[in-house]
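> next input, structure requested:
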Amino acid sequence: MDALQLVALVAASTAIAGFARRTPVPAPLLLVAVGLVASYVPGMPDYTLDPHIVLPLILPPLLYTAALDSSYLDLRANIRPVALLSVGYVLFATVAVGWLAYVLVPDLPLTAALVLGAVIAPPDAVAATAIARRLGLPHRITTILQGESLVNDATAITAYKVALAAAVGEGISWAGGLGEFALAAIGGISVGLVLMVPIHWLRCRLGEALLQNTLSLLIPFVAYAAAEEVGASGVLAVVVVGLFLGHRAYQVDFATRLQEEAVWKMVAFVLESAVFALIGLQLPYVVQGLGQYGIGEAAWYAVGVFVAVVVVRFVWVYPATFLPRWLSNRVREREPEVDWKAPLVVGWAGMRGVVSLAIAFSIPVVTDGVEFPARNLVLFLTFTTVIGTLVVQGLTLPPLIRLLKLPGRDTYTETLAEAQAQSEASRAAEERLDELLEDERNALPKPLADRLRTVLERRRNSVWERLGAVNEVTGENADDTYRRLSREMIDAEREVFVQLRDARRIDDEMMRTLLRRLDLEEAAAYRETD
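This is a model prediction of the structure:
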């Protein structure tokens, strides 16, 4: 893939993803569908997935941005269901799906079937969490799905390495496999714990937002590479560092936070778009590689494996949800009540993604003179499982959620809690302002002191106003109207600055300075609503 082909892939995939945001179709599904169609367009370049690019260069930033956006406290509160899915389920699916594939496909060695099981075991919850947030799923379900996606790749990659060693006759034992798994898990977490404090210290000491965000772009690659270098899990190292830095993000300056959020949103959007498009573009390669297996025969095997993947997830999810509650009073006391609907959504949200394909493409044709059995079939079954789960489960998950009528987020309660928190913070700020103004070194003219109090009062009242009456004409509450009028005023100022620049009464540098002030004011007036 040359530079022009790479630019074309990124440009096309981001354009399709941008279009999908204006349709009811989730972006991952539209990207995969377009990729499938485009893969057979005459003259289409070869976009064969390279695991040496996906695993060390694409996976770390996607994991890092997801970890930054995750809540360490929420994950800690839901550690049991997250661990059961990200570790227990992946190992169970490796064995269960592998054994079912061994029974289903004639002449497929059990070791190769276990490799297939490990490859397709980890769900990629990017699409699932996007749908969950878009439809307003309960916060706990979204947290569990997101937590699962942060850790399950590490479990699957380690299970894959153990199964691959057995498949090529390296004679690995159960004890050896457990030892390698423990090394990867403990080592990855340890590397993350070692790196997170000095990285955070450096972030807080760098004086410029530009330098801090340059460091931010390097962090996931450094953490991943450092862990892999010592034979540990790079995935877990990235997740640990990302969770810590996200939890401590309030300690860096505001400019860094504003830039970092924008930078990582852009990086995640571009990478996710390109990745899902790449999945669809793999179709010609995996079909051509089937070799001795006919496409019809392989298709039946694919249907069987897809059904096995779906069924095995439910076989794990329901007992893992209810058995601990039946057996432990502590679990019942600490965790909220759960009915049959929540596990149904979690079970149906097991869509596979690019990590499974990247692992499958990394299966060597020959290792130490030993050929991996049925490699092409394993690659084909991985591809069809990824496509099948994305299309079948991805398309039906939104209507399933609507059909179940799960209770959505309680926006009134959340807004009330936000208003109460803002009131407490404003009181503390007002008391601090009074203390400062008593000191003659902080003497301010009364209009400026009043302005500080006015800004504080506005910040305190704005959240309460969202709970107030709605304008019958516009459908806005007082806070919405205030922000809209504020934007109109800022737009008017912005137009004047541009006119003054065009009339050469101010230069471009001064205009940019003035516009930046307006941008900051607009950012303060408008909080994010997506």
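> quick one: contacts for the residue nearest to Arg257 when sequence neighbours are not counted?
Spatial nearest neighbour of Arg257, excluding adjacent residues (Cβ to Cβ, 6 or more residues apart in numbering): Ala249 at 6.1 Å. (C-beta placed from N, C-alpha, C; glycine too.) Residues counted as contacts of Ala249 (Cβ atoms under 8 Å, 6 or more residues apart in numbering) are Leu68, Arg257, Glu260.
> okay if I get the residues you listed as CSV plus pLDDT, neighbour count and distance to Phe361?
Formatted as CSV, the contacts of Ala249 follow (pLDDT from 0 to 100; neighbours: other Cβ atoms under 10 Å; distance: Cβ to Cβ, whole Å):
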residue, pLDDT, neighbour count, distance to Phe361
Leu68, 89, 22, 28
Arg257, 84, 16, 37
Glu260, 89, 21, 32
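> which one of those residues is nearest to Leu520?
Here the nearest of the contacts of Ala249 to Leu520, counting by Cβ to Cβ, is Arg257; it sits at 12.9 Å.
> the closest one: what secondary structure?
Classification of Arg257 using DSSP: H, G, I helix; E, B strand; the rest coil returns helix.
> do a quick rundown of the helices in the stretch 401-530 of the chain.
411-438, 446-466, 478-502, 508-525 (DSSP state H, counting those that start in this stretch).
> of the ones you listed, which is nearest Val162?
Of all the helices of the stretch 401-530 of the chain, it is helix 411-438 that lies closest to Val162, at 44.0 Å by Cβ to Cβ.
> same for that closest one, what does it pack against?
Under the contact criterion of 3 or more Cβ pairs under 8 Å, 6 or more residues apart in numbering; DSSP states H and E, helix 411-438 touches helix 446-466.
> quick one: contacts of the helix it packs on?
Applying Cβ under 8 Å, 6+ apart, the external contacts of helix 446-466 come out as 415, 418-419, 422-423, 426, 429-430, 433, 437, 444, 477-480, 482.
> now do 6 Å
With contact meaning Cβ atoms under 6 Å, 6 or more residues apart in numbering, helix 446-466 is reached by Thr415, Glu418, Ala419, Gln422, Ser423, Ser426, Ala429, Glu430, Asn477, Ala478, Asp479.
> so what's the residue in the chain sticking out farthest from the centre up against?
For the chain, the residue at maximal distance from the C-alpha centroid (Cα atoms, centre = their mean) is Glu440, at 50.6 Å. Not one residue lies near Glu440 by Cβ under 6 Å, 6+ apart.
> how much space between it and Leu448?
The gap separating Glu440 from Leu448 is 15 Å, by Cβ to Cβ, to the nearest Å.
> also Leu400?
Leu400 is 57 Å from Leu448, where distance means Cβ to Cβ.
> so those two - more neighbours on which side?
Set Leu400 next to Leu448 and count neighbours by other Cβ atoms under 10 Å: Leu400 wins out with 16 against 8.
> now do the helix or strand containing that one: which elements does it pack against?
Element membership of Leu400 [criterion: DSSP states H and E] is helix 394-404. Packed against helix 394-404, as judged by 3 or more Cβ pairs under 6 Å, 6 or more residues apart in numbering; DSSP states H and E, are the following elements: helix 126-135.
> any stretches of the stretch 151-300 of the chain with poor pLDDT?
Residues of the stretch 151-300 of the chain that meet the criterion pLDDT under 70 lie in 169-177, 291.
> count of neighbours near Leu59?
Counted with other Cβ under 10 Å, Leu59 comes out at 24.
> if you could redo that for Leu104, that was the one I meant.
Around Leu104 there are 17 other residues, counting by other Cβ under 10 Å.
> retrieve the pLDDT associated with it.
Predicted confidence (pLDDT) at Leu104: the value is 94.
> distance of the closest residue to it other than its chain neighbours from Val311?
Leaving out its chain neighbours, the residue that sits closest to Leu104 by Cβ to Cβ, 6+ apart is Gly304, at 4.6 Å. Per Cβ to Cβ, Gly304 is found 11 Å from Val311.
> ok, now Pro407?
Applying Cβ to Cβ, the value for Pro407 to Val311 is 28 Å.
> ok now stretch 487-504, how far from the chain's centre?
39 Å (Cα atoms, centre = their mean, to the nearest Å).
> now do that stretch: everything it contacts.
Ile506, Met511, Leu514, Leu518, Glu522.
> do the same with stretch 308-315
Identification of contacts with stretch 308-315 by Cβ under 6 Å, 6+ apart yields Ala93, Ala96, Val97, Leu100, Gly347, Gly350, Thr385.
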